[in-house]
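>>> 3D model of this:
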Amino acid sequence: MTSSFGWLAIDAEQRRRMMEAVDQFRDEGTIDDLGLGGIRDAFSGTLFPGTSTLHTRLRYALFIPWLLQTASHRQSVPEMMATFRESEYRLIEALKRGGESTGVIGREAGRNLQRRPSAVYWGMIARWGIFEPGFTVRRYFERELLRREELRASPRADDPELNPPVTPTGLDPRLPDPPERLLHKAQFALRAEDAQYLTEAITRTTAGTLLSHLATHRPTTWTDATMAPKAAWDPAIRSELPPLLDGIVGRAERFAITAHGVNLLYNLMLAEATSKHARQGGSLIDVYTERLHEWFDEAQRAPLNAQERTHIWRMVADRGGQVSRTTQEFLGIWADAVANATSATELTVSRELRDRIRAREREKKGSRARLAPGNQRALDAWSGASGTDRYDFRWPVARSHLQDLYDAQEAG
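Presented below is the predicted three-dimensional model:
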């Protein structure tokens, strides 16, 4: 079926969010068949605000405002917009000339790139206060023209402090100057002043989050990229967290483990309904049965009790969302069943749990539900894995950004 998404009359942040949603459904490991993605996203935003699964390297958060500043020297908004668009394409080649081989947005697509870096990183730029939230590229250029006219019309005083104020452009005046000849040769490595600015921006705008904490508290075992923690709840991280933040991180881990189990059981039910085999050979029924047994031992050590679930509902609400009654009930019944079970088999053979998973899929997917009676086409389209990755709450992206900060701090 041809996509009918359109991009009319939306700003870069809206476009970024929509494209992220599209990409989410291209990754078989992260598809949200059972409707728990809203909670996952709330944890991601709480722990690592401003990040996105589409991000590659941290310095894009500076490249974009630097390119905007350069384009703003043109004489009209259309000229500024065209220059900025052209500079994003030129940045691709500049990064290649700088020796960058991975993380370059548009490296293969070149001028056929459909989603430019500004659309991908605009949410980060706004969330971290590099740009005033709510601003768009066009509005920034319009403000630049207005500011230019105000400066031209205002009489100059000998004392700079007596000059009349002008309309702010929305761009943080503390932004460091760009490197020389940025569009000739560019690299992702941060300068010391870049790292200092971004660290200050993160800690100023995301105080109390895991991202803010790690920006200024590098775990002692994280000596280089090869020693970076594998998860946000790694003991090397949690050992140094303040109690409130540690509670959020622990809750995120327990939710990730709990949700992983119900998604594995869902896939086991699909395997039973299709009798498909793994690519390496062997029955997928056996694969998911084994994975559930391995998961169960871990789940028993990290129960998600009613009090913890209440904290989760409150966290989602604090971010402007809401966990529906049916979602609360579905997750609660599953979590309690896990806590009370004596074996993985007790969960996998439970008729009640299987019925609830079928009902939950129908609730979220309607006529596209694979387990709905008679929906053979949907069953046949199942690839053998749907939503089987454990939630990581964007940790790989945050870890990469933090590594860029740490490397610059060491070099400085």
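>>> just for the stretch 1-150 of the chain, where's the confidence low?
Within the stretch 1-150 of the chain, the stretches with pLDDT under 70 are 1-30.
>>> try 90
Where the stretch 1-150 of the chain drops to pLDDT under 90, the residues are 1-32, 110, 113-114, 133-136, 144-150.
>>> which residues of it fall in helices?
Under the criterion DSSP state H, counting those that start in this stretch, helices of the stretch 1-150 of the chain are mapped to 12-24, 37-47, 60-71, 77-97, 117-127, 137-153.
>>> doesn't residue 230 make contact with residue 392?
No - applying Cβ atoms under 8 Å, one finds residue 392 not in contact with residue 230, separated by 9.2 Å. In this view, the C-beta of every residue, glycine as well, is placed from N, C-alpha and C.
>>> For the two, indicate the residue with more neighbours.
Set side by side, residue 392 and residue 230 show more neighbours around residue 392, with 19 against 10, by other Cβ atoms under 10 Å.
>>> and the more buried one, what element?
Assigned by DSSP states H and E, residue 392 falls within no helix or strand.
>>> do the same with residue 372
Counting by DSSP H and E, residue 372 is found in no helix or strand.
>>> Can you get me a residue count around it?
15.
>>> Now it: closest residue in space, sequence neighbours ignored.
Nearest non-adjacent residue to residue 372, counting by Cβ to Cβ, 6 or more residues apart in numbering: residue 362, 5.7 Å away.
>>> mind listing what's buried in the one helix or strand the one you found maps to?
Assigned by DSSP H and E, residue 362 falls within helix 351-365. Across helix 351-365, burial judged by 16 or more other Cβ atoms under 10 Å covers 353-354, 356-358, 360-362, 364-365.
>>> and if you look at stretch 258-270?
258-270.
>>> still on that earlier bit, what comes into contact with the helix holding residue 362?
32-35, 262, 265-266, 269, 326, 330, 333-334, 337, 347, 369-372 (Cβ atoms under 8 Å, 6 or more residues apart in numbering).
>>> after that helix, next one along is what?
Past helix 351-365, further along toward the C-terminus, the next helix or strand under DSSP H and E is helix 376-381.
>>> Run through the neighbouring helices and strands of the helix or strand following that following helix.
Downstream of helix 376-381, the next assigned helix or strand under DSSP H and E is helix 395-411. Helices and strands touching helix 395-411, by 3 or more Cβ pairs under 8 Å, 6 or more residues apart in numbering; DSSP states H and E, are helix 192-205, helix 210-216.
>>> now the angle between helix 395-411 and the first one, please.
Right, the one you point to is helix 192-205. Relative orientation of helix 192-205 versus helix 395-411 (axes from the mean of the first three to the mean of the last three Cα atoms, to 10 degrees): 130 degrees.
>>> how big is the angle separating helix 192-205 from helix 60-71?
110 degrees.
>>> Give me the buried positions along stretch 184-194.
Of all the residues in stretch 184-194, those buried under the rule 16+ other Cβ under 10 Å are 185-186, 188, 190-191, 194.
>>> Which of these sits closest to residue 213?
Checking the buried residues of stretch 184-194 against residue 213 with Cβ to Cβ, the nearest one is residue 190 at 19.4 Å.
>>> Give me the neighbour count for the residue nearest to the closest one when sequence neighbours are not counted.
Here the nearest residue to residue 190 in space, its sequence neighbours aside, is residue 408; by Cβ to Cβ, 6+ apart that works out to 3.7 Å. Applying other Cβ under 10 Å, we find 21 residues neighbouring residue 408.
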